[in-house]
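**Q** Predicted model, plus sequence, below.
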Amino acid sequence: MKSFKLTEKEMNDLAEKYPTPFLVASLDKISENYDFLRKNLPRAKVFFAMKANPTGAILQRMASLGSNFDVASPGEMRLLHSIGVAGDRMIYANPVKTLEGLSLAAEYGVNKFTFDDESEIGKMAATVPGANVLVRIRVKNAKAVVDLNTKFGTPPEKALELLRQAEKAGLRPAGICFHVGSQSLTAEAYGEALLLCRRLFDEAAASGMKLSVLDIGGGLPVPSLEAPAPDLKGMMRGINRQLDRLFPDTEIWSEPGRYICGTAVNLVTSVIGTKERGGEAWYVLDDGLYGTLNGIVFDHWTYELDFFQRGEQRLSTFVGPTCDSIDVVRRDIMAPVLGIGDRVLVPDCGSYTSAAATAFNGFAPAQTIVWEEQQVLREESAVS
């Protein structure tokens, strides 16, 4: 997977127009990632996990491509509704839903829900009677960067009983869902989960319950500093073979987040201070752990820092702008000698970054600039 990445000239041209820090999103890269997924997992109906990046332009591009959406809150539903996305294109995939969220789902016509505990059944039955529900099961994947199965998912042996309870309450038991964990680097965990789901589908059929939907969640990886570049085509085709073998007549849903937007956004940040500490160069950036790079804490992520400066390299540490000593971006890496005003490019910065950025200490989150819009403006300026 080739990432969207600004050149030095492109970065500097934008920095002459916009104060750093800022993010640059390529909607064409979003489209490319979506199209690649549809080609290599053709049976999977896409529900973009908008929590990864709810930037309006990205949501609008995904909607125009025909994507559906995975929502977790009334706020996410309202945002999609405001850009014209109908409720039947959403799945309320938070296993625990607020009463406000369920009421809004009923108002907007959301009719697909996931759950993993009987305490949700009464809430859904009272607010969205007759809705399609999928039970989320717990699966194992020690190789995922972010384990989502400690907090979410019922033990598989309890799944069918939960669906029976839901049916008795007036809901429609539609199927089963799982999530192998975020940034899963191989298809192995998907294969094991699919075998488990096949057994549950067969047990359901034997008891007179016909399930029609399998939601395979997200987890598809993007390039990282900690692992080799993932073989996405191989992964997707391996998953697709198993789906065709085990679930030839089942409707398949998927909930990609990181995969769609992770490689489509760059951060441009600048050095605002330099220090010498313990014989090492320290550089203070105008964005950091409380802003775009919050994934250092929340997403178990190490961000690549790209420098265009040449010359002497020194052992260096990069920190963010806030007055909190935890605000450290990278420690003890080799970097060129930098001065105040020098810019640093952070690629592959599109997922779980701006989505969770704060204004701690009064530092405003970085604005997002759409790359293709900048190209149009440049062309119009050249013509005039």
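**A** That came through, no problem.
**Q** Strands along the stretch 1-150 of the chain, start to end?
**A** Taking DSSP state E, counting those that start in this stretch, the strands of the stretch 1-150 of the chain run over residues 22-25, 44-49, 68-71, 90-92, 112-115, 132-136.
**Q** Output the below-cut-off pLDDT ranges for the stretch 251-384 of the chain.
**A** Counting by pLDDT under 70, the stretch 251-384 of the chain shows low-confidence ranges at 380-384.
**Q** just to revisit the earlier point, the strands of the stretch 1-150 of the chain: which one's closest to residue 221?
**A** Among the strands of the stretch 1-150 of the chain, the nearest to residue 221 by CB to CB is strand 44-49 (14.1 Å). No exception for glycine: its C-beta is placed from N, CA and C like everyone else's.
**Q** Put the alpha carbons of the closest one into PDB.
**A** Coordinates of each C-alpha in strand 44-49 appear next as PDB, following Å, rounded to 0.1, in the frame of the first residue of the first chain:
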ATOM      1  CA  ALA A  44     -18.100  -7.200   2.000                       C
ATOM      2  CA  LYS A  45     -20.600  -4.400   2.400                       C
ATOM      3  CA  VAL A  46     -18.500  -1.500   3.800                       C
ATOM      4  CA  PHE A  47     -19.500   0.300   7.000                       C
ATOM      5  CA  PHE A  48     -16.800   3.000   7.500                       C
ATOM      6  CA  ALA A  49     -15.800   3.200  11.200                       C
END
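**Q** Can you list the strands that that strand pairs with?
**A** Strand pairing for strand 44-49, determined by DSSP bridges: strand 68-71 (parallel), strand 251-254 (parallel).
**Q** Need the strands of the stretch 1-150 of the chain in TSV (columns: mean pLDDT).
**A** Shown next, in TSV, are the strands of the stretch 1-150 of the chain (pLDDT from 0 to 100):
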stretch	mean pLDDT
strand 22-25	98
strand 44-49	98
strand 68-71	98
strand 90-92	98
strand 112-115	98
strand 132-136	98
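**Q** Let me know which of those strands is the nearest to residue 182.
**A** Comparing the strands of the stretch 1-150 of the chain by CB to CB, strand 44-49 comes nearest, at 9.6 Å.
**Q** what's the spacing between the closest one and its chain's center?
**A** 11 Å (CA atoms, centre = their mean, to the nearest Å).
**Q** Would you mind pulling the contact partners of it?
**A** Identification of contacts with strand 44-49 by CB atoms under 8 Å, 6 or more residues apart in numbering yields 34, 37-38, 59, 62, 67-70, 90-91, 93, 215-216, 218, 243, 251-257, 260.
**Q** Include distance to residue 179 and mean neighbour count when you put the strands of the stretch 1-150 of the chain into TSV, please.
**A** TSV is the format used below for the strands of the stretch 1-150 of the chain (distance: least, CB to CB, whole Å; neighbours: other CB atoms under 10 Å):
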stretch	distance to residue 179	mean neighbour count
strand 22-25	25	24
strand 44-49	10	24
strand 68-71	10	26
strand 90-92	13	27
strand 112-115	10	26
strand 132-136	8	25
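**Q** a markdown table please, covering those strands and showing distance to residue 313.
**A** Formatted as a markdown table, the strands of the stretch 1-150 of the chain follow (distance: least, CB to CB, whole Å):
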| stretch | distance to residue 313 |
| --- | --- |
| strand 22-25 | 26 |
| strand 44-49 | 39 |
| strand 68-71 | 43 |
| strand 90-92 | 49 |
| strand 112-115 | 49 |
| strand 132-136 | 48 |
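**Q** Compare these and give me the one nearest residue 160.
**A** strand 132-136 (8.0 Å).
**Q** Name the next helix or strand following the closest one along the chain.
**A** helix 156-168 (DSSP states H and E).
**Q** which residues touch residue 266?
**A** Residue 266 is in contact with 4-6, 11, 23-24, 345-347, 349, counting by CB under 8 Å, 6+ apart.
**Q** go on, residue 204?
**A** Taking CB under 8 Å, 6+ apart, one finds 160, 163, 173, 210-211 in contact with residue 204.
**Q** run the last query once more with 10 Å
**A** Taking CB atoms under 10 Å, 6 or more residues apart in numbering, we find residue 204 in contact with 159-160, 163-164, 173, 175-176, 210-211.
**Q** what do you get for residue 275?
**A** Taking CB under 10 Å, 6+ apart, we find residue 275 in contact with 281-284, 317, 319.
**Q** Am I right that it sits in a strand?
**A** Yes: membership of residue 275 in a strand is supported by DSSP: H, G, I helix; E, B strand; the rest coil.
**Q** picking up where we left off before, closest one to residue 335 among the strands of the stretch 1-150 of the chain?
**A** Closest to residue 335 of those is strand 22-25 (CB to CB; 21.1 Å).
**Q** Adjacent strands (with direction) for that closest one?
**A** strand 265-277 (antiparallel), strand 367-370 (parallel).
**Q** Dump the longest helix along the chain to PDB, restricted to CA.
**A** Assignment by DSSP state H gives helix 188-206 as the longest helix of the chain. Only the C-alpha atoms of helix 188-206 are listed here, as PDB (Å, rounded to 0.1, in the frame of the first residue of the first chain):
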ATOM      1  CA  GLU A 188      -4.900 -16.000  10.500                       C
ATOM      2  CA  ALA A 189      -7.100 -14.400  13.200                       C
ATOM      3  CA  TYR A 190      -9.900 -13.900  10.600                       C
ATOM      4  CA  GLY A 191      -9.700 -17.500   9.600                       C
ATOM      5  CA  GLU A 192     -10.100 -18.800  13.100                       C
ATOM      6  CA  ALA A 193     -12.900 -16.400  13.800                       C
ATOM      7  CA  LEU A 194     -14.700 -17.400  10.600                       C
ATOM      8  CA  LEU A 195     -14.500 -21.100  11.600                       C
ATOM      9  CA  LEU A 196     -16.000 -20.300  15.000                       C
ATOM     10  CA  CYS A 197     -18.800 -18.300  13.400                       C
ATOM     11  CA  ARG A 198     -19.600 -21.100  10.900                       C
ATOM     12  CA  ARG A 199     -20.100 -23.400  13.900                       C
ATOM     13  CA  LEU A 200     -22.400 -20.900  15.500                       C
ATOM     14  CA  PHE A 201     -24.400 -20.400  12.300                       C
ATOM     15  CA  ASP A 202     -24.800 -24.200  12.000                       C
ATOM     16  CA  GLU A 203     -26.000 -24.500  15.600                       C
ATOM     17  CA  ALA A 204     -28.400 -21.600  15.100                       C
ATOM     18  CA  ALA A 205     -29.900 -23.300  12.000                       C
ATOM     19  CA  ALA A 206     -30.200 -26.600  13.800                       C
END
